[in-house]
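>>> Sequence first, then the predicted structure:
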Amino acid sequence: MSETNPLLEGAPRAPRPPAAPTLLSAPQGPDRPQPHVPVPAGPRIHRRTVNWTVPLWWMGVHGGAGESTLAELSRYGYGAGHAWPVTPTPPTVVLVARTHYYGLMRARHAATEWARGDIAADLLGLVLIADAPGALPRPLRDLARLVSGGVPRTWRIPWVPQWRLQTPTLATAPRAIHRLFAETVPSAAPPTP
């Protein structure tokens, strides 16, 4: 994984040429903020002001969500850490969460903040990464379905046993990751330096 994070170091990477448009699937949920969404209970997702624009932010909604792994594997965009990037123009963001209770509740909170219009962002959707092997227990499956209804798209990434013992690579990535990248990373995008 990359040891540097431009949010923490404050130095942007070299600008890129505009990328080709992505081929996103049709939204399954709302694709813009909705009026009259109630204020979510609990602490807000942090915000971090960044004075440059990047093509895509992978935003983990909690520690260990997997956003840095997705940024590294895709070689596109940046890991936003665990904060909404506040940029000169509304950023393009993909939320990332694990499928345990805490991860799903933080994803719900982030989706609600976006739906209320509390944060200016172009939200592409939510990546739910399995927190353990096997099927989700019914209460978590129901919560994941509820949270997914509040974002434009949801991508589900299964448990990858090889990644417990070795560095994640595209060669060992499941098809779900390749589908995610096909929909979020323009094929003409140059790799991240």
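Structure's in. What do you need?
>>> From the contact counts, what lies against the lengthiest helix in the chain?
Counting residues, the longest helix in the chain under DSSP state H turns out to be helix 101-116. If contacts are counted by 3 or more CB pairs under 8 Å, 6 or more residues apart in numbering; DSSP states H and E, helix 101-116 sits against strand 92-98, strand 122-129, helix 138-148. Bear in mind the C-beta positions are built from the backbone N, C-alpha and C, glycine included.
>>> And for the helix or strand just after the last one, what's in contact with it?
Sequence-wise, the next helix or strand downstream of helix 138-148 (DSSP states H and E) is strand 154-157. When contacts are taken as CB atoms under 8 Å, 6 or more residues apart in numbering, the neighbours of strand 154-157 outside the stretch itself are 28-29, 66, 125-130, 144, 147-148, 174, 176-177, 179-180, 183.
>>> How far away from the center of its chain is the helix or strand just after strand 154-157?
Of the helices and strands lying after strand 154-157 in sequence (DSSP H and E), the nearest is helix 175-184. Centroid separation between helix 175-184 and its chain, computed with CA atoms, centre = their mean, to the nearest Å, is 12 Å.
>>> Please point out which parts of helix 175-184 sit buried.
For helix 175-184, burial by neighbour count (16 or more other CB atoms under 10 Å) applies to 176-177, 180-181, 183-184.
>>> tell me the contacts of residue 56?
76-78, 92-94, 124, 184-185.
>>> Correct me if wrong: residue 67 contacts residue 97.
No: look at residue 67 against residue 97 with CB atoms under 8 Å: they stay out of range, at 9.3 Å.
>>> Which of those two has more residues huddled nearby?
Neighbours per residue, other CB atoms under 10 Å: of residue 67 and residue 97, the larger number sits with residue 97, 29 against 26.
>>> you'd agree that one is up against residue 126?
Yes: assessed by CB under 8 Å, residue 97 is found in contact with residue 126 at 6.7 Å.
>>> Overlap in contacts, the two.
Listed as contacting both residue 97 and residue 126 by CB under 8 Å, 6+ apart are residue 107.
>>> any idea how far residue 177 lies from residue 97?
For residue 177, the distance to residue 97 (CB to CB, to the nearest Å) stands at 15 Å.
>>> ditto for residue 68
For residue 68, the distance to residue 97 - CB to CB - is 14 Å.
>>> where do the contact lists of these two overlap?
residue 60.
>>> What is the neighbour count of residue 163?
15.
>>> likewise residue 166?
Residue 166: 9 neighbours (other CB under 10 Å).
>>> Now it: closest residue in space that isn't a chain neighbour?
Spatial nearest neighbour of residue 166, chain neighbours left out: residue 172 (7.2 Å); criterion: CB to CB, 6 or more residues apart in numbering.
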